[in-house]
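>>> Quick one: sequence plus predicted model below, questions after.
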Amino acid sequence: MTPDEPDAPTPRLPWPFTGREDEREHVRRSLAAGRPGLVVTGGPGHGKTRLAAEAVRGTDCARITGTPGTRRTPYAAFAPLLPGTLTPHEALARLGGVRQLVVDDAQWLDDASAALVHQLAVHGRTRLLVLVTDALPAPAPVTRLWTGGLLPRLTLAPLPAEDTARLLTAATGRAPDPLTAARLHRIAGGDLRLLGDLLDTLTAEGRLTPVPDTGTWAWRGPLPVTAALRERAAGPLERACPGEREILDRLAFAEPLPLDAGTLDLPVLERLEAAGLIDVDEHDAVRLARPLHGPVLRATAGRLRARRLSRTPDDLALALKAETAALERRIDTDDVTALPTPVGEWLAAEGAFVPAGYTALRARFARLRGDLREAAAWARLHPDDPACRTELTLTAAQSGDPVPTGETTVWCLAARGEPDTALDLIGPGDAYDAVRLGAPERARGLLAPGSVFARHADALAREDGAALDRVAGELAERGFLLFAAEAYAQAVPAHRDPAAARTARTRAAALARRCPGARTPALTGLALGELTARQRQIVTLAAAGLTNRQIAERLTLSVRTVGNHLYSAYTRLGSGDRDALPWLVDLPEVRTA
């Protein structure tokens, strides 16, 4: 590290509440007066307890928690609320004054407590927020809360990759580079406690390093195996059968393996598949079932075992060649949906050499998917390679970042505010860029007939909103999320029906959120829709980066009023929070507001 480079980030614990805004509002609405409450289910570490705490913050609320050690003690969970030993009828009567109750870890409730929670739901005088961890058996009275129709159920999915990156940024004060964010997201698998444990360990061991000239931090190198990681990876680590552990270790160093490999024992594979530790795809390729298991198995293999199982340079070259061919096939067939590429990701993550041709292709694949930050991260692995330099230029131009001087590509000129000059450069290889820039006539006859890109050009030329919606949907299905967001944005002014225009706007904003860093003309010009004058004013200030309190002070409003206006605006714009606003507001105007 040079003296001019910033220090590595330091996590700020506890982590701020990040993402889950829609879920939080759903929980709040479910606990409003006259509502019975809600059951929230999800995997371990998905953030159910934190979500509940945020949803009931500032309200009068009682809380109980189930624990594994008290499952045989009647009413153990209710001990903070019920004195002594009571009959079920007496217990129910004692709780009659509790208007709102949070039940955490309901899967661990003792039978009497579970029955009492069920009775509270039946009587309906207490609004219940019941949190249940999936994959663990819950008492029958708890499961009957939603299966019996007493309470609605919200299933909490793992925190999405983009929200995980936001959380890491909020926790450390600086954004992780995209390859690091994706790696941590894969390893944690939605378990935020595991993510926090891993981040603390990496920080304590000094493994987080600044990435020059980007303002981000990165983690390269092997996985530190903490106690939490060992617990999460107990399945493969505790396989006692030598044959099973041998196959798992081989996969950790060389996945995928062909099913017909002479040394793979089919009965052993069947046992591992039944245990949920391996997957076999339609091409008979055998892989580890969970992204966490490979790094843990490699880190715990020991030096001699790792030396025996590691691929030779020739083996790695063949594996990367296979991944390269798979990526190229996807691009050639207009399909950039997610594709397993464990070898390239492993080498890049652990700081090993990755050929420039592979990194340039990974950058292109990510750019086509709309993840411009990931594309730039791959290209930076070989910034002097011509193909990687091209990808860096394209990602910068489509992100609103400064582009290299002297570059005269279509997107560089468009980024400099010279759209007409940019369109004059359109040739067969740039034809679809003309469609994205709103000039479909420049692409006439240059796109493959019948392709989704040609149909996009045709729909835009005819100003057919419904056809643009259909094209956008197909682009999204094929993985072209940025292109789909742009097509929906172009459909907004093409629709004659205001409701259809609002739907297209909502879809454009939702897809734009999944394309971190993207800022293209089609998205920048996305209309603000039917907001009130006050909502437009507040949204404009929020997009400029002002906090709710700063907006309130500037407009002489209460912070609560600002929050209410923003929530209403987000609902209409199809946005969940401030992150989507740069796609919905013309930024030059925002910054001068």
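That came in fine, so what should we check first?
>>> how about stretch 267-285: buried residues?
Buried residues in stretch 267-285, defined by neighbour count with 16 or more other C-beta atoms under 10 Å: Val268, Leu269, Arg271, Leu272, Leu277, Ile278, Asp279, Val280. Yep, even glycine has a C-beta here, placed from its N, CA and C like the rest.
>>> Repeat that for stretch 250-259.
Neighbour-count burial for stretch 250-259 flags Arg250, Leu251, Ala252, Phe253, Ala254, Glu255, Pro256, Leu257 (criterion: 16+ other C-beta under 10 Å).
>>> cool, stretch 468-478 as well?
For stretch 468-478, using 16+ other C-beta under 10 Å, the buried residues are Leu468, Asp469, Arg470, Val471, Ala472, Glu474, Leu475, Ala476, Arg478.
>>> which residue packs closest to the third one, ignoring adjacent ones?
Same thing as Arg470. With C-beta to C-beta, 6 or more residues apart in numbering as the measure, Ala459 is the residue that lies nearest to Arg470, at 7.7 Å, once sequence neighbours are left out.
>>> Check the second one too.
Among residues not flanking Asp469 along the chain, Ala491 sits closest, at 5.3 Å (C-beta to C-beta, 6+ apart).
>>> which element is the one you found on?
When secondary structure is defined by DSSP states H and E, Ala491 falls within helix 481-494.
>>> Show me how the record splits the protein into domains.
Following automatic domain parsing, the chain resolves into domains at 21-156, 161-213, 233-310, 314-397, 426-516, 533-591.
>>> report the angle between the axes of the helix or strand hosting Leu468 and helix 481-494?
In the assignment (DSSP H and E), Leu468 maps to helix 465-477. The directions of helix 465-477 and helix 481-494 differ by 170 degrees, with axes from the mean of the first three to the mean of the last three C-alpha atoms, to 10 degrees as the criterion.
>>> so how far is helix 465-477 off the chain centroid?
Taking the mean of its C-alpha atoms, helix 465-477 sits 23 Å from the chain's own mean (C-alpha atoms, centre = their mean, to the nearest Å).
>>> CA-only coordinates of it in PDB, if you can.
Output for helix 465-477, consisting of C-alpha atoms alone and laid out as PDB, is shown next (Å, rounded to 0.1, in the frame of the first residue of the first chain):
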ATOM      1  CA  GLY A 465     -45.800   0.300 -26.100                       C
ATOM      2  CA  ALA A 466     -47.200  -3.200 -25.800                       C
ATOM      3  CA  ALA A 467     -44.700  -4.600 -28.200                       C
ATOM      4  CA  LEU A 468     -41.900  -2.900 -26.300                       C
ATOM      5  CA  ASP A 469     -43.200  -4.400 -23.100                       C
ATOM      6  CA  ARG A 470     -43.100  -7.900 -24.700                       C
ATOM      7  CA  VAL A 471     -39.600  -7.300 -26.000                       C
ATOM      8  CA  ALA A 472     -38.500  -6.100 -22.500                       C
ATOM      9  CA  GLY A 473     -39.900  -9.200 -20.900                       C
ATOM     10  CA  GLU A 474     -38.000 -11.500 -23.300                       C
ATOM     11  CA  LEU A 475     -34.800  -9.500 -22.800                       C
ATOM     12  CA  ALA A 476     -35.100  -9.900 -19.000                       C
ATOM     13  CA  GLU A 477     -35.700 -13.700 -19.400                       C
END
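>>> neighbouring contacts of it?
The contact list for helix 465-477 (C-beta atoms under 8 Å, 6 or more residues apart in numbering) reads 337, 452, 455-456, 458-460, 481, 483-485, 487-488, 490-492, 494-497, 500-501, 503-504, 507-508, 511.
>>> cool, and stretch 281-300?
186-189, 222-225, 229-230, 232-233, 235-237, 248-249, 251-253, 255-260, 264, 269, 276-280, 306, 340, 342, 346.
>>> re earlier: could you dump the buried residues of stretch 250-259 to a markdown table with distance to Leu541 and pLDDT?
As requested, those are arranged in a markdown table below (distance: C-beta to C-beta, whole Å; pLDDT from 0 to 100):
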| residue | distance to Leu541 | pLDDT |
| --- | --- | --- |
| Arg250 | 57 | 89 |
| Leu251 | 52 | 89 |
| Ala252 | 51 | 89 |
| Phe253 | 53 | 88 |
| Ala254 | 54 | 84 |
| Glu255 | 50 | 83 |
| Pro256 | 51 | 82 |
| Leu257 | 56 | 83 |
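>>> Pick the one among those closest to Leu194.
Within those, the smallest distance to Leu194 is 18.6 Å, found for Ala252 (C-beta to C-beta).
>>> quick one, what contacts that closest one?
Leu288, His293, Gly294, Pro295, Leu297, Arg298, Ala301, Leu309.
>>> With distance to Ser568, pLDDT and secondary structure as extra columns, can I get those residues in CSV?
Formatted as CSV, the contacts of Ala252 follow (distance: C-beta to C-beta, whole Å; pLDDT from 0 to 100; DSSP: H, G, I helix; E, B strand; the rest coil):
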residue, distance to Ser568, pLDDT, secondary structure
Leu288, 46, 90, strand
His293, 45, 90, helix
Gly294, 46, 88, helix
Pro295, 44, 89, helix
Leu297, 50, 90, helix
Arg298, 50, 89, helix
Ala301, 55, 89, coil
Leu309, 57, 87, helix
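>>> Please identify which helix or strand holds Phe253.
Applying DSSP H and E as the criterion places Phe253 in helix 242-254.
>>> circling back to that earlier point, and the residue nearest to Arg470, how many residues sit next to it?
Ala459 sits with 24 neighbouring residues when counted by other C-beta atoms under 10 Å.
>>> who's in contact with it?
For Ala459, the residues meeting the contact criterion (C-beta under 8 Å, 6+ apart) are Ala467, Leu468, Arg470, Val471, Ala487.
>>> Among these, which one sits closest to Gly370?
Proximity of these to Gly370 was ranked by C-beta to C-beta; the top entry is Ala487 with 12.0 Å.
>>> State the distance from the closest residue to that closest one other than its chain neighbours to Ala504.
With C-beta to C-beta, 6+ apart as the criterion, Ala487 has its nearest non-adjacent residue at 3.7 Å, and that residue is Ala472. As judged by C-beta to C-beta, to the nearest Å, Ala472 and Ala504 stand 8 Å apart.
>>> Overlap in contacts, those two.
By the contact definition C-beta under 8 Å, 6+ apart, Ala472 and Ala504 are jointly contacted by Tyr488, Ala491.
>>> so what's Cys61 closest to, chain neighbours aside?
Computed as C-beta to C-beta, 6+ apart, the closest residue to Cys61 that is not its neighbour in sequence is Gln100, at 4.6 Å.
>>> and if you look at Leu168?
Distances taken as C-beta to C-beta, 6+ apart put Pro176 closest to Leu168, at 4.9 Å, once the chain neighbours are dropped.
>>> do you know how far the one you found is from Ala182?
Relative to Ala182, Pro176 is positioned 9 Å away (criterion: C-beta to C-beta).
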